[in-house]
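A.B. asks: Have a look at this fold, sequence not included:
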Ligand code: SF4
Ligand code: SF4
């Protein structure tokens, strides 16, 4: 009996061994070892700023060539360089850093409320309750949904009730852009320091009544811009950043102070603009 049992066990062991060997070959899934290497250098915050479901998703996409080596925005240049080394490629030309900008100047001083609001302190909730309480129907509600949406702590509300962006911390993940129900937040190339701080599509007289710094569609900026970068559409000035050289002439010309230059503040032309003005005066 014992001999038979040993023989049966031996045969079964051999059969199972063969089956396992066959299954191993048949169902073998090749794993790219670079995925684990890339995953190892990613920060592991699973913030989603890259557009993939967490760091695992980005690592796989990079290894497959479906995402760039510098796809992790919070990781920055140092992480991108390590990943490029794993892939054996160069990081390549960066498209340039973008920063989130607040495209509304209607703080509590510039833009009054048209009604009182005592509901849930959320911009989205305020909009649902009667379309918002600001005099400007396009303006920032100042209840900070964008600030709460930022996973990097790069935003805060100013004392006057407008969001502010910390350029050093902003990684251009766009969470504030999608988090703002008014469409106030925008990603702008860092080098383009001149931008329109208004979203109102209302006609000039309506804007004047609601806000001290809203675009009134007067076309003064369009006329003064030497590169043809500005156009007025739907009563609102817009800048084509592929043409704008951030000279700042429009900033100085805008009678409503609706265009800002981060280098010099509202109403001041940048260095290039000042040079141009001086050149025009001399010529
Ligand atoms: S920018 Fe948008 S989300 Fe942020 S406080 Fe203003 S309305 Fe609210
Ligand atoms: S100059 Fe100012 S107010 Fe006039 S269209 Fe340009 S941004 Fe608007």
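C.D. replies: Right, received. Where do you want to start? Bear in mind the structure is a predicted one, so any value in this text is a computation, not a measurement. Ligands and ions are numbered 1, 2, ... in the order given.
A.B. asks: residues in contact with the nearest residue to residue 151 once chain neighbours are set aside?
C.D. replies: Nearest non-adjacent residue to residue 151, counting by Cβ to Cβ, 6 or more residues apart in numbering: residue 47, 5.0 Å away. C-betas here are computed from N, CA, C, even on glycine. The contact partners of residue 47, taken as Cβ atoms under 8 Å, 6 or more residues apart in numbering, are 74, 151, 152, 173.
A.B. asks: Correct me if wrong, but residue 47 is in a strand.
C.D. replies: No: with DSSP: H, G, I helix; E, B strand; the rest coil as the criterion, residue 47 is coil rather than part of a strand.
A.B. asks: For it, give me the pLDDT.
C.D. replies: Residue 47 is assigned a pLDDT of 80 by the prediction.
A.B. asks: what's the answer for the one 3 residues further on, then?
C.D. replies: Residue 50 is assigned 77 on the pLDDT scale.
A.B. asks: I'd like to know how many residues surround it.
C.D. replies: 23 (other Cβ atoms under 10 Å).
A.B. asks: Would you check that it makes contact with residue 73?
C.D. replies: Yes: the pair residue 50 / residue 73 is scored as a contact, 6.5 Å apart, by Cβ atoms under 8 Å.
A.B. asks: For ligand 2, state which of the contacts of residue 47 is nearest.
C.D. replies: residue 173 (28.4 Å; Cβ to the nearest ligand atom).
A.B. asks: Specify the local secondary structure of that closest one.
C.D. replies: Assignment for residue 173 (three-state DSSP): coil.
A.B. asks: Give me the neighbour count for it.
C.D. replies: 22.
A.B. asks: going forward can the numbers begin at 657, since that is how I track them
C.D. replies: In the new count, where the first residue is 657, that last one comes out as residue 829.
A.B. asks: State the pLDDT value of it.
C.D. replies: pLDDT, read off for residue 829, is 85.
A.B. asks: residues in contact with residue 900?
C.D. replies: Applying Cβ under 8 Å, 6+ apart, the residues near residue 900 are 848, 850, 881, 883, 885, 886.
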